[in-house]
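> build me a structure from this.
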Amino acid sequence: MTSDRSAKKAARARMTATGEPYSTARRAVQAGPGRPAPLARPPAIDPREHAVHSRHWGVLACYLVCYEGRYSAWITGADPSEQSQVYGMPSESAGRAFVDAWQTANLLHIPWDERIATIFLLSPDTRNGILYEAAVVNVEDSAIWLACFDDTANDGGTYTLGQFADLGEALEEFAALAGRAADRLDSRQAIGQPDLFAGVLRYRAATVRADAARAALGDAIRRHQPRADGHDRLGPLWHEAGLPRESLGRVLAGEEWAWPRRPVVRPPGSRLPDTPTTTLATRTVDGHRFDLVSYRDTAGGRCIAISPRST
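Numbering: from 1, shown residues only. Presented below is the predicted three-dimensional model:
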């Protein structure tokens, strides 16, 4: 019961910070890193002043704090008046893993159509359990990120987080992780029908590598600027690459054989107590009045929310 109350409290704190619906926030909390019991009396400090490691997601932040020889993880929002979620950590390495897993969980809640590459497999043996999920995303004012949750060892799952300046390197690591997960399924036989799931992982790894290789070759073609009709000394190469001559012009224009394009992801903003709002409608339900309001969050996004009217 205590852990359930803690999860609800964490979900409500996430709702306040991000404006997400309760169901989305609760899923994010549940799917996030394993959380120990919150500290009943966290020290009265600013976690930023004692942080040895941190990750940020929009207005949210997760700090690994070392204070008086003890480690703790602090999850904070944009509003200083909101109480932080604070968890004791047994060691620095465990705390760093917790912070990175928190960031991984945030990245894995990005919608699929905003991901550059993605894999999502549900476990055949666990109800609603995720066997493997990975995503490559381009985050605004940050970098290209690779996030992965892997439970192919049937050990509760591990999180992997990577930050890249080059998309090709991120996609190669994405494929390498999927390949290693497939090997694990083959060797440990931890789930039913492991060959099918391993095959899907290897297939996705191969297709991502093929797409990246084709884009890299497209870059090389555009650098050398051959004749668009293919009638030059480089013409025989296009046959070996499986590139029809009639498509060469589109490759030179960057319309084909290019890197995957997805929108740059903007982390969620928040609604602060002093955020200006516009009331769109007012309704009374069971004697309680509610306003439908619109506002811009701290990231500049347009948002709509239902707010109880104060009496």
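> in contact with D211, which residues?
Neighbouring residues of D211 by C-beta atoms under 8 Å, 6 or more residues apart in numbering: 171, 260. Every residue, glycine included, has its C-beta placed from N, CA and C.
> now it. Its backbone dihedrals?
The phi/psi pair for D211 (degrees, to the nearest 10) reads phi -60, psi -40.
> quick one, what contacts the residue most central in space within the chain?
For the chain, the residue nearest the mean C-alpha position is L107 (0.9 Å; C-alpha atoms, centre = their mean). Contact partners of L107, counting by C-beta under 8 Å, 6+ apart, are 135, 137, 139, 145, 147, 161.
> one more time with 10 Å
55, 57, 115, 134-137, 139, 145-148, 159, 161, 265, 267 (C-beta atoms under 10 Å, 6 or more residues apart in numbering).
> low-confidence ranges, the stretch 51-200 of the chain, go.
Within the stretch 51-200 of the chain, the segments meeting pLDDT under 70 span 78-81, 126-128, 190.
> where along it do the strands fall?
51-57, 60-67, 70-76, 85-89, 117-122, 130-138, 144-150, 158-164 (DSSP state E, counting those that start in this stretch).
> go on, the stretch 201-311 of the chain?
278-285, 288-296, 302-308.
> now the second one: buried residues?
Applying a neighbour-count criterion of 16 or more other C-beta atoms under 10 Å, one finds 291, 293, 295 buried in strand 288-296.
> mean confidence for stretch 245-255?
Computed over stretch 245-255, the mean pLDDT rounds to 88.
> check stretch 202-213 too.
On average, stretch 202-213 scores 96.
> buried stuff in that stretch?
202, 204-205, 208-209, 211-212.
> quick one: contacts for the closest residue to A228 other than its chain neighbours?
Distance criterion C-beta to C-beta, 6 or more residues apart in numbering; nearest residue to A228, sequence neighbours excluded, is G249 at 4.3 Å. Applying C-beta under 10 Å, 6+ apart, we find G249 in contact with 227-230, 255-256.
> among those residues, which are located in helices?
Counting by DSSP state H, none of the members of the contacts of G249 fall within helices.
> out of these, which end up buried?
The neighbour-count test (16+ other C-beta under 10 Å) marks G230 as buried among the contacts of G249.
> G162 and I144: what is the separation?
Distance of G162 to I144, computed by C-beta to C-beta, to the nearest Å: 9 Å.
> now the common contact residues for the two.
What both G162 and I144 touch, as defined by C-beta under 10 Å, 6+ apart, is the set 136, 169-170.
> most neighbours among these, please name it.
The most neighbours of any of the shared contacts of G162 and I144, using other C-beta atoms under 10 Å, belong to V136, which has 25 neighbours.
> any idea how this structure splits into domains?
2-107, 112-205, 278-308 (automatic domain parsing).
> endpoints of the shortest one, how far apart?
Translated: domain 278-308. This stretch, domain 278-308, spans 14 Å end to end (C-alpha to C-alpha, to the nearest Å).
> then the second one?
End-to-end distance of domain 112-205: 17 Å, with C-alpha to C-alpha as the criterion.
> likewise for stretch 239-246?
Stretch 239-246: ends 12 Å apart by C-alpha to C-alpha.
> swap in stretch 122-129?
Start-to-end, stretch 122-129 (C-alpha to C-alpha) is 6 Å.
> my read: T284 touches R309, true?
Yes. If you go by C-beta atoms under 10 Å, T284 and R309 touch, sitting 9.1 Å apart.
> those two - which one has more neighbours?
R309 (12 against 9).
> now the more buried one. Nearest residue, chain neighbours left out?
Per C-beta to C-beta, 6+ apart, closest to R309 is R289, 4.2 Å.
> okay, and the common contacts of T284 and R309?
Counting by C-beta under 10 Å, 6+ apart, the residues touching both T284 and R309 are F290.
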